[in-house]
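# Sequence first, predicted coordinates after that:
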Amino acid sequence: MLKRIFDIFFSFLGLIVLFIPFLFIAFLISIDSKGGVFYKQTRVGKDGIDFKLFKFRSMRTDADKSGLLTVGGTDSRITRIGYTVRKYKIDELPQLINVLMGEMSLVGPRPEVRRYVDMYTPRQRQVLSLKPGITDYASIEYSNENELLGNTENPEDVYINEIMPAKLNLNLKYIAEQGILTDLKIIVNTIKKIVK
């Protein structure tokens, strides 16, 4: 209950504070390339229930039809403004809407697409016992995931066999340590990582 109050308060506050910057970012996206300002993708949430995750659109329309993974600076599907919003994780900020709606939390395991969730082992599926979050241990550890994948010959194979299991282990670590103090620590470390 305390976590939900924390989520509602800070997501609502964040949306108010960021309203004007959101309008500016939306304007830049709209003049940079054709398509909507927001990108909505189906992700798997708590208890395995699908929901629509909000992001600022950083790629060309229908880009996900040619692959679900993004491979850093080498991915030609990313728009000019998209490189900037992705670099500073600005594209993730509309997920404050998902938090306010109760589909996500500020901190929790990052939500995955169904294709990869279907590959989880029974142990890994424990991450679905919590609401997914905007940030977590894995988001901090793999903040350069796109670049890592961009330097491999087979990005999807590396993601499935190396990165995804490592991220899920960090998700399970969060489940064992979860609490308001842990959440605050992760939020502070996320901000530090973005600033650096």
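Great, that's in hand.

# C-alpha only now, for contacts and for neighbours.
Will do.

# hang on, residue 39 in a helix?
No: Residue 39: not assigned to a helix; according to DSSP: H, G, I helix; E, B strand; the rest coil it is strand.

# Bridged to it, which residues?
residue 55 (DSSP bridges).

# residues touching it, list them.
Contact analysis of residue 39 by C-alpha atoms under 8 Å, 6 or more residues apart in numbering lists 54, 55, 56, 57.

# closest to residue 190 among the residues you listed?
residue 55 (17.7 Å; C-alpha to C-alpha).

# So the closest one is in contact with residue 96, correct?
No: with contact defined as C-alpha atoms under 8 Å, residue 55 does not count as touching residue 96 (9.7 Å).

# who has more neighbours, those two?
The neighbour count for residue 55 versus residue 96, taken as other C-alpha atoms under 10 Å, is higher for residue 96 (27 against 21).

# Skipping adjacent residues, who's closest to that one in space?
residue 11 (5.1 Å; C-alpha to C-alpha, 6 or more residues apart in numbering).

# Okay, and the one you found sits in which element?
helix 2-17 (DSSP states H and E).

# Contacts made by that helix with the rest, please.
Applying C-alpha under 8 Å, 6+ apart, the contact partners of helix 2-17 are 96, 97, 99, 100, 105, 106, 180.

# how about a cut-off of 10 Å?
1, 18-19, 21-22, 93-102, 104-107, 179-180, 183 (C-alpha atoms under 10 Å, 6 or more residues apart in numbering).

# what does the model give residue 139 for pLDDT?
The score at residue 139 is 94. That number is its pLDDT.

# List the contacts of it.
Per C-alpha under 10 Å, 6+ apart, neighbours of residue 139: 108, 109, 110, 133, 145, 167, 170, 171, 186, 190, 193.

# Go again with 7 Å.
Residues near residue 139 by C-alpha atoms under 7 Å, 6 or more residues apart in numbering: none.

# before we move on, which element is it in?
Per DSSP H and E: helix 137-141 holds residue 139.

# Please apply the same query to residue 86.
helix 80-87.

# Tell me where this structure is predicted with low confidence.
By pLDDT under 70, the low-scoring segments of the chain are 63-74.

# what's around residue 16, how many residues?
11.

# when you give positions from now on, start the count at 5
In the new numbering, first residue 5, that becomes residue 20.

# So it versus residue 7, what's the distance?
20 Å (C-alpha to C-alpha, to the nearest Å).

# Residue 57 contacts residue 48, correct?
No: counting by C-alpha atoms under 7 Å, residue 57 does not reach residue 48; the two are 9.3 Å apart.
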